[in-house]
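Visitor: Return a 3D structure for these sequence lines:
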Amino acid sequence: METVDSYDASLGFRGSAGVAWRDLVAGANMWRIWTVLGWRDFYHQTNRTVLGPAWSVVGLVIMVGSLGFVYGSLLSTPARVGYPFTAAGLIAWFFISGCLQGGFTTFVNSAGTMKERTLPVSFGLYRYTWRLFVEFCLKFSVFAFFAVFSQFNPGLSLFYLVPMLVLYFCNGLWVNLLFGIIGGRARDMAQLVNPLMLIAFLATPVLWPSSALGANAFISTYNPLSHFIDIIREPLLGNAPPFGSLVLVFAVTIMGWSAAFFVFARTRNNIVFWL
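Guide: Now for the predicted structure:
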């Protein structure tokens, strides 16, 4: 009988949806372990450095300070609005890019653990996504710094952030699951996506408002990444998340999880043998 701790490559792409679901549930139930390991993974990125994990914050402060000044000058945006706008956009973007680029290594990086321990396949998924999420939440301190510096008060709209963070984590899971499977099977995909992310960054209103496009605002409107940025940035800037953006994000979440679960159910037995 196939269980969440067994892999039968002879089944090929005829995996069971029930076993895939039990694998995801079993992995989620191990949250006490993967939350600790995810934090340790984040911490060890800067192991034996003076500032440790704080380098993630310091680096972003430097980036926001530089880009906020440059783009504020180009767009004639006052510092009180420009710096919080830039900080909020970059915070959201780094989590998105971490999933879209790093997601391809979700299972590759946990290959050793998967081969040596009887753990659910999804354990590595939760561990990596939590590591990104910890760094994501830590970077909100950068926004707080520039909000104080710019004397900007977002008010009670910050409470909208809580459900938006849940949405981000849920989307991070399906992206890392789907891309992790693709990356485990086709290692070249990560090298293909990396340069495309630079194009996506330039085409997404991370550093500039959608209104700056004028008649070409459709570039932002039909860019799903723009809406993911907006549901985090708008509450930080004192506004409610745009309804249209919420509808699109929920739609992407449902379709993304449907596709990721279908692929996971079909390939779960093969993932370990691809690594």
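Visitor: Might you list the low-confidence residue ranges for this protein?
Guide: The chain contains residues with pLDDT under 70 at 1-15.
Visitor: By residue count, tell me the biggest helix in it.
Guide: In terms of residue count, the longest helix belonging to the chain (DSSP state H) is helix 243-274.
Visitor: and that one, which residues are buried?
Guide: 245-246, 248-249, 252-253, 256-257, 260-261, 263-271, 274 (16 or more other CB atoms under 10 Å). All C-beta spots, glycine's among them, are computed from the backbone N, C-alpha and C.
Visitor: Packing partners of it?
Guide: helix 17-28, helix 111-116, helix 161-185, helix 224-236 (3 or more CB pairs under 8 Å, 6 or more residues apart in numbering; DSSP states H and E).
Visitor: packing partners for the first one?
Guide: Looking back up the chat, that one is helix 17-28. Helix 17-28 packs on helix 122-138, helix 243-274, going by 3+ CB pairs under 8 Å, 6+ apart.
Visitor: hmm, 10 Å instead?
Guide: Helix 17-28 sits against helix 31-44, helix 122-138, helix 161-185, helix 243-274, with contacts defined as 3 or more CB pairs under 10 Å, 6 or more residues apart in numbering; DSSP states H and E.
Visitor: what does the shortest one give?
Guide: Applying 3+ CB pairs under 10 Å, 6+ apart, we find helix 111-116 packed against helix 122-138, helix 243-274.
Visitor: Give me the contact list for that helix.
Guide: 7, 37, 105, 107-108, 119-121, 123-124, 127, 184, 271-275 (CB atoms under 10 Å, 6 or more residues apart in numbering).
Visitor: from the middle of its chain, how far away would it be?
Guide: 24 Å (CA atoms, centre = their mean, to the nearest Å).
Visitor: Please identify the buried residues of that helix?
Guide: 111, 114.
Visitor: Between helix 224-236 and the helix or strand hosting S97, find me the angle.
Guide: Assessed by DSSP states H and E, S97 sits inside helix 79-102. Per axes from the mean of the first three to the mean of the last three CA atoms, to 10 degrees, the angle that helix 79-102 makes with helix 224-236 is 140 degrees.
Visitor: for helix 79-102, packing partners?
Guide: helix 54-74, helix 122-138, helix 140-149, helix 161-185, helix 188-203, helix 224-236.
Visitor: Select, out of these, the one closest to F42.
Guide: Counting by CB to CB, F42 lies closest to helix 122-138 out of the helices and strands packed on helix 79-102; the figure is 4.8 Å.
Visitor: Who are the packing partners of the closest one?
Guide: helix 17-28, helix 31-44, helix 54-74, helix 79-102, helix 111-116, helix 161-185, helix 243-274.
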